[in-house]
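> Would you be able to build a 3D model of this:
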Amino acid sequence: MSFWLKQFWKIICLDILLAALIVGAFFKWRVDQIPETRTVTRVELERGENYQDLVIILVDSVGVEYPYPMFPFLNYVIYPFGVILVFQGVDIIGGLFGTGKIRRKLKPLNDLAIKTEKLSSLPLDTSKFESLEQAIEKLSPNSPDAKISTGDKDLESIEVALNNLIYRMRESQKKQARFVSDASHELRTPIAVIQGYVNMLDRWGKEDESVLEESIEALKHESDHMKELVEQLLFLARGENGKNTLHYSEFDLCQVIHEVWEESLMIDEEHRYEFVSDSGNTFDEDGNLILPPVMMSGDAAMIKQSVRIFVQNAAKYSLKGATIQFRVKTQGDMVGYVVQDEGIGMQGEDVVHIFEPFYRSDKARNGNTGGSGLGLSIAKWIVDAHDGKIEVLSSPEIGTRFTVWLKAEVGSRE
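Numbers count the residues shown, from 1 in each chain. As a prediction, this is how the structure comes out:
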């Protein structure tokens, strides 16, 4: 009823406004017929026996009367006004059917609201929540398989949600404990080596120069290894806490990959490094490689670090003389780079875990490869921070190919 009253009131207001505009337009039209030197001083209304004899008389400043019969004017106005009334009637009738349609569509919500209102008026049964609270209190934090269970079907959905939350918390705790254990193990080894060489220096280093020189070199090597490990641990910790800041700018990805390729040629003479553009290599008149620009927005230093990590990983698990290839790719609004080696490769079950901190496959652990096992975790964090993705294709004794896809998003970004 409130809806219909509002609609009816709107129509009445609109009709009153239209009538006022029509009357105003009539008076304006008639006043303009009076000489400019005179003004209308009063308006008189003369009624006859019926409405057809209605006359409006305008009297000017000198007393001259200007009679205007209203019936001819009303004949002009009544037809368009009647059309407007017809349209308004159609609108009201259409609203009637529209309201019914809306009511039918909203009926489920209306029924739900009615049921909710009835439920809210019922007395609250706290016994179910008390049983759930007791089940949570009895849950042992040290039991890996303990679950919340009250046996009440009404609380079943809440139990499932809580058990899933507990499972995720346990997995997170296990991951954290494993990370701490692996970090302790990785740090224990160089500390033991340093301690051993310090003891050797204390015994024979004061008199034997060869022992002194060997110990100093070993201490330098192990301290550098510990420094690198600690820096990587701090990087991952800052990443988990959201404290690693990316400095976005527009740069040429092709140029960045080419720089890493040149660095690899200088520092590693045991492997062959190839740079291949997605469109093929072209050279200028002087024989210099022409690099087609592949522009993107991101942290150039971080992206360069991720490329170095994949290259170091490829060199670590490839035999001497093996080829390591660089490639830059584009696909739609994505840009990417590829690092491919001819190394020992990995089994499918290892590929799933390679980005976990400190993870090494059994084959990698048996080899004299060194490293902390944190490099690929750092590379993945960098790629994830750029909303990118990593594709890994690996086969034992054939090699591994890492393909990193990044969004171009040329332009500044916070």
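> Quick check: beta-bridge partners of Val59?
Taking DSSP bridges as the rule, Val59 bridges to Arg42, Glu65.
> Roughly how far does Ile56 sit from Ile92?
Ile56 sits at a distance of 33 Å from Ile92 (criterion: Cβ to Cβ, to the nearest Å). Any C-beta I mention is one placed from the backbone N, CA and C, and that applies to glycine too.
> Give me the more crowded residue out of these two.
When neighbours are counted by other Cβ atoms under 10 Å, Ile56 comes out ahead of the other of Ile56 and Ile92, with 17 against 13.
> quick one: contacts for that one?
Contact analysis of Ile56 by Cβ atoms under 8 Å, 6 or more residues apart in numbering lists Arg30, Val43, Glu44, Leu45, Glu46, Pro67, Tyr68, Met70.
> I'd like to know which of those residues is nearest to Gly205.
Compare each of the contacts of Ile56 with Gly205 using Cβ to Cβ and the shortest gap goes to Arg30, at 122.6 Å.
> Verify the stated contact: the closest one with Pro69.
No: with contacts counted by Cβ atoms under 8 Å, Arg30 stays clear of Pro69, the gap being 11.5 Å.
> which parts of the host helix or strand of Lys28 are buried?
Element membership for Lys28, per DSSP states H and E: helix 2-31. Of the residues in helix 2-31, those scored as buried under the neighbour-count criterion (16 or more other Cβ atoms under 10 Å) are Ile11, Ile22, Phe26, Arg30.
> In this structure the first one contacts Ile84, no?
No: if you go by Cβ under 8 Å, Ile11 and Ile84 don't touch, sitting 9.7 Å apart.
> Which residue is the nearest non-sequential neighbour of Ala301?
Counting by Cβ to Cβ, 6 or more residues apart in numbering, His247 is the residue found nearest to Ala301 once chain neighbours are left out, at 7.5 Å.
> Now do the same for the one you found: helix, strand or coil?
Taken by DSSP: H, G, I helix; E, B strand; the rest coil, the conformation at His247 corresponds to coil.
> For the stretch 201-350 of the chain, which segments are assigned as helices?
Ranges of helices in the stretch 201-350 of the chain, per DSSP state H, counting those that start in this stretch, are 209-240, 253-267, 300-316, 348-351.
> And the shortest one, what does it pack against?
Translated: helix 348-351. Helices and strands touching helix 348-351, as assessed by 3 or more Cβ pairs under 8 Å, 6 or more residues apart in numbering; DSSP states H and E, comprise strand 389-395.
> And the longest helix along the chain, what does it pack against?
When the chain is parsed with DSSP state H, its longest helix is helix 71-121. Applying 3+ Cβ pairs under 8 Å, 6+ apart, we find helix 71-121 packed against helix 2-31.
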